[in-house]
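# A structural model of the following input is requested.
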Amino acid sequence: MNDKDEQTRLEMKHRKEEDDLYRKFAKQREAEDNRIKEEINNEWEKELERLTIRFEKELQTKRKRPDEQKVLTLKLQQERDNLEKNMTLRRDKKKESLTKKLLEHER
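Take a look at the predicted model:
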């Protein structure tokens, strides 16, 4: 084998190793991304359930006046909107942090 063939063989081997490593890191990023999504969804469901239970309790104590029910309904919707915004921000921050960490590890 001459030097050119050996050089080509080594380059191909190196390229394959890089491709394998890239696929491994891509799989790892996807798994972590899915874990974060699941974690945030579970947290979202728990918080939403907590809000709903609290709303129903408040509604039972104020059944007499329809205007109070409307106020409570609006309050619940506002809290749900705030919760959704906060959970979205948390998810985005976690994803950003994870991406930075994984990219540093990949280097």
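# next one: the worst-scoring helix or strand of the chain on mean pLDDT to chain centre, how far?
Least confident helix or strand, the chain: helix 66-106 with a mean of 82, by mean pLDDT, DSSP states H and E. Mean-position distance between helix 66-106 and its chain equals 11 Å (CA atoms, centre = their mean, to the nearest Å).
# Who are the packing partners of it?
Under the contact criterion of 3 or more CB pairs under 8 Å, 6 or more residues apart in numbering; DSSP states H and E, helix 66-106 touches helix 3-61. From N, CA and C alone the C-beta is placed, and that goes for glycine too.
# Which elements pack onto the helix it packs on?
Helices and strands touching helix 3-61, by 3+ CB pairs under 8 Å, 6+ apart, are helix 66-106.
# how big is the angle separating the helix it packs on from helix 3-61?
Helix 66-106 runs at 160 degrees relative to helix 3-61, counting by axes from the mean of the first three to the mean of the last three CA atoms, to 10 degrees.
# which outside residues touch stretch 37-53?
Identification of contacts with stretch 37-53 by CB atoms under 8 Å, 6 or more residues apart in numbering yields L76, E79, R80, L83, E84, M87, R90, R91, K94.
# what mean pLDDT does that stretch have?
Here stretch 37-53 scores 89 as its mean pLDDT.
# Mind listing what's buried along that stretch?
By neighbour count on 16 or more other CB atoms under 10 Å, the buried set for stretch 37-53 is I40, W44, E47, L51.
# Quick one: distance of that stretch to the chain centre.
Distance of stretch 37-53 from the chain centroid (CA atoms, centre = their mean) equals 13 Å.
# i'd like the first residue to be 424 from this point on
That works, and once the first residue is 424, the last one we named lands at stretch 460-476.
# out of the contacts of stretch 460-476, who's nearest R432?
Distance to R432 across the contacts of stretch 460-476 (CB to CB) is lowest for K517, with 43.0 Å.
# Number of residues surrounding the nearest residue to that closest one once chain neighbours are set aside?
Excluding its sequence neighbours, the residue lying closest to K517 (CB to CB, 6 or more residues apart in numbering) is I459, at 5.0 Å. Counted with other CB atoms under 10 Å, residues neighbouring I459 total 17.
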